[in-house]
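Student: For reference, the sequence and a predicted model appear below.
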Amino acid sequence: MRYFFILPRLLPFLFLSFYILLILSPGYIFAREIELDPITITPGPFKYECEMPTKDMVIINPIQEPGLSIEELLDQEAALDVSRRGILGIQSDLSIRGATDEQTTVAINGIILNDPQTAHHNLNLAIPEFAIEKIEISEGPSADTWAQGAVGGAVNVVTTKPVSTERKASFMYGTDSTQKGSVYLAQSLSSGGINFAAEEATSNGWRFDTDFREFSVSSSALVEAGDKVSSYIFAGYGEKEFGAANFYSLHNSKEWIDTFFLNWNTSIEIDQFKISPKLYYRKHHDKYMLDIENPDYYMNYHKTVINGIQAEAEMGIKAFGSIQAVVDINRQSINSTRLGKDSRSRNSYSLALKNYKNIFFGYDASIRVDDYSDYNTDILPQAGIFFRPVQYLKFRSLIAKSARPPNYTELFYDSPSNKGNKNLSPEKALNYEAGADLTFNDNADIKIRCTIFRRVSDNLIDWIQRPSNTDFYQATNITRVKTEGLEAGLDVKACKWLNIKGNYSYMDSDIDEDQDYISKYALNHPDHKIFSQVDILLPFGKQSVRLLYKNRKGYSSYLILGSTFNYKLNKYSSLFLIIDNWFDSTYWDIKSNVLPGRQLMVGTRLRF
C-alpha cells in the first residue's frame, strides 16, 4: 500500500470542506434573530422503510460487515443479482428483479447517477467504505418521485454525515497479495461538522490479467442553523486500474477509470412545508484497451458528464397526509473516440400524494413526466396501497409504468465483438406486485415478507447474437418480454446470541416471439437464488456463516459458502477473518469470466 501517496490527494478535499464550512456558516447566511423550532430532517428524497409501506424496502448498514464489499452485501438480497467480474467491487453489474443493469437505478444521496455511456460504470461510486452510512434498496418499480428508468428497482447510497467526532481505520491482507486500507476522520462542530475518508486496495489477481488497484477519497461538510435549516455538501473521487481478462470479450484487456462526484443538498422547513434544493455534478473517464498484447489494435477513450439541479418540495395536509413535488433539470454529455461527441437533456417533473397517517390503511399515488431532448415525452404513473387487518400483518400492492431510453453504447458502439444500433427505441414496462409482511411481536423477533410480481416489457433492449452472425453481439429491441417472480424473506432472532436470516427468489422471463438468438444480458438473470446467514453473537464478537446459491437456467449454477469471524480486543480495536468460497468451487456470473477460488482475508479495525 502506498500510504504516503494518499495524503496529497486528501488535501484538496480537506481544504474544500473547510472552505465550504466557513462560507456557509449560519451566521454568514442567516440573520441571528431568527428562532427555529426543533425538527428532525432526513436529507435526500429516499425515505426510510417505515415511511414507504406500499413498497418492498431493504436497508443495509455496510459498517456492520467488515471486509465485505458493497457488491457482496447487495448480492445477499434475493431480489438483487450482482454479476461480478472481480473482487472488492472492482467491476460489477447490478440487476433487480430480473431487469437488466441498465434498468436498475443507482443513486447517491437521492441523486440519480446512471452513467449515460453504459451501466457497467453505475457502481463506480467513488466513495470509501467508511463514508457510507447505509444503502437503501427499493425492490420493484421506482420510476415515481425519484428514479427515472428504475424498471426493476433502485439503490440509494447514503453518505456518512459528520454529526459526531470520531476517528477510525481498517486494514486487511489476504490471498493473491490482496490488501485494502481505509481511514476516516470526522469532527463535529457547534453548528455542523466536517469529515473525510480515504481508501486504497490492490491485488495481484487470481489469474492472469486480473490484477487491480483502486483508490477513493471523499470529504463532506454539514452546516445547521438551528434544527430547521441544514446544508450538506459531499465530494468524492475514485480511481480504478484493472486487468479485464474476459470481462467483456475473449481478450486479455485492461481498463482505467476515474470518477468525480459533487453533491450539495439544502433542507429548509417551515411548519408543515419543507423545500430541498440540490445541485449535483458527476464526471467519469474510462480508458479501455481491448488486447494488452496488441495495444494499438483497439483502444477507447470515453468521458461522460452528468450535471443538474433538483428541487423537492413537500407539504403536510391534515386530511391527505402529504403532497410532494420534484423538479429535476438534468444534462448528460459524452466525448468518446468510439461513440463520438454528443449531449442530451432530461427535464423531469413529478407529483406524489402520500397518506400513511393511519397505520392500518394507507396509499400513495404519483405521476412523473420525463421530457427528453431526443425522445418523446414519457408519462409514468404509479399507485400503491397497504392495509393491516391486524397489528402485525400488512398487505401491500403496487402498479407502475416505467421507461428507459437507450444509452450511448447501445446506440453507437462498434467493436469486433459488440455493435450498437442507432435505430433503437426506448423501452417501456408495466409492473404489478403484491406482497405481505408479518411480524410476531413488538420486538420483531420473527419477520416474514413475501412478494409476487409481474412485469411486461416492450422494446426491451438487449445484446443478442444470431446464428447468421456468431462473431458479434448487436443491441436490439426485443418485441415483448414477460417476467414473473416470487420473493420471500425470513429473519429470526432465536435468542440473545443467535440470529438467522434467509431469503429466496424465483424469476422467469418469456419472449413473445421465437428466440433464435443468444441473449447476452436480459435473459441471464438467476431463475432461482437463495441466500442464508447465521450470526452467533459471542461476548468477544459476531461470528457469521453465509451461503449463496444461484442458478441461471442453461447458463451456470453454483453454491458458495463463506464466513466472517470477529474478535474484539478492546473497545478500540478488533480483528476479523474472512473465508470465502470454502470449497474452492469454480463458478462465474459472466460467461468465460471465472471468479476466484477460495479466498482468505485477515484484518483489523481501529478506533482512536
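Tutor: Here it is on my side, so go on.
Student: now the strands: where do they sit in the stretch 151-300 of the chain?
Tutor: All strands of the stretch 151-300 of the chain, identified by DSSP state E, counting those that start in this stretch, fall at 153-159, 166-174, 178-189, 192-203, 212-225, 229-243, 254-270, 273-289, 299-317.
Student: ranking those by burial, who's on top?
Tutor: strand 153-159 (a mean of 25; mean count of other CB atoms under 10 Å). To be clear about C-beta, it is placed using only N, CA and C from the backbone, and glycine gets the same treatment.
Student: Show me what it packs onto, helices and strands only.
Tutor: Where contact means 3 or more CB pairs under 8 Å, 6 or more residues apart in numbering; DSSP states H and E, strand 153-159 is packed against strand 92-96, strand 104-108, strand 132-139.
Student: what pairs with the second one, and is each one parallel or antiparallel?
Tutor: In this case it means strand 104-108. Partner strands and pairing direction for strand 104-108 (DSSP bridges) are strand 111-112 (antiparallel), strand 153-159 (parallel).
Student: Send me that strand as PDB with only the CA atoms.
Tutor: Taking C-alpha atoms only, strand 104-108 is exported to PDB below (Å, rounded to 0.1, in the frame of the first residue of the first chain):
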ATOM      1  CA  THR A 104     -31.700  -0.500 -12.400                       C
ATOM      2  CA  THR A 105     -31.100   2.900 -10.900                       C
ATOM      3  CA  VAL A 106     -28.100   3.700  -8.700                       C
ATOM      4  CA  ALA A 107     -28.200   7.000  -6.700                       C
ATOM      5  CA  ILE A 108     -26.000   8.800  -4.200                       C
END
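Student: what comes up buried for that strand?
Tutor: The neighbour-count check on strand 104-108 (16 or more other CB atoms under 10 Å) flags T104, T105, V106, A107, I108 as buried.
Student: follow-up on the earlier one: redo the strands paired with strand 104-108 as a markdown table? Include mean pLDDT.
Tutor: Putting the strands paired with strand 104-108 into a markdown table (pLDDT from 0 to 100) gives the following:
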| stretch | mean pLDDT |
| --- | --- |
| strand 111-112 | 90 |
| strand 153-159 | 93 |
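Student: And these: which comes nearest D342?
Tutor: Closest of those to D342 is strand 111-112, at 19.5 Å (criterion: CB to CB).
Student: and the closest one, how far out from the chain's middle?
Tutor: When distances are taken as CA atoms, centre = their mean, to the nearest Å, strand 111-112 is centred 10 Å away from the chain's centroid.
Student: same deal with stretch 239-257?
Tutor: For stretch 239-257 - counting by CA atoms, centre = their mean - the centre lies 22 Å from the chain centre.
Student: Compute the first-to-last residue distance for it.
Tutor: 6 Å (CA to CA, to the nearest Å).
Student: what does that stretch rub up against?
Tutor: 85-86, 90-91, 120-121, 124, 205, 207-216, 238, 258-259, 284-293, 415-418, 590, 592-594 (CB atoms under 8 Å, 6 or more residues apart in numbering).
Student: Mind doing that once more with 6 Å?
Tutor: With contacts defined as CB atoms under 6 Å, 6 or more residues apart in numbering, stretch 239-257 is touched by 85, 90, 124, 209-215, 258, 286-292, 417, 592-593.
Student: for stretch 403-422, same thing?
Tutor: By CB under 6 Å, 6+ apart, stretch 403-422 touches 103, 116-118, 149, 249, 334, 339, 375, 378, 424, 426-428, 461, 472-475.
Student: Pull out the buried members of those residues.
Tutor: 103, 116-118, 149, 249, 334, 339, 378, 424, 426-428, 461, 473-475.
Student: pull the helix or strand with minimum mean pLDDT from the protein.
Tutor: Across the helices and strands of the chain, mean pLDDT, DSSP states H and E gives its lowest value to helix 26-29, namely a mean of 36.
Student: Going toward the C-terminus from that helix, what's the next helix or strand?
Tutor: Under the assignment DSSP states H and E, the closest C-terminal helix or strand after helix 26-29 is strand 56-60.
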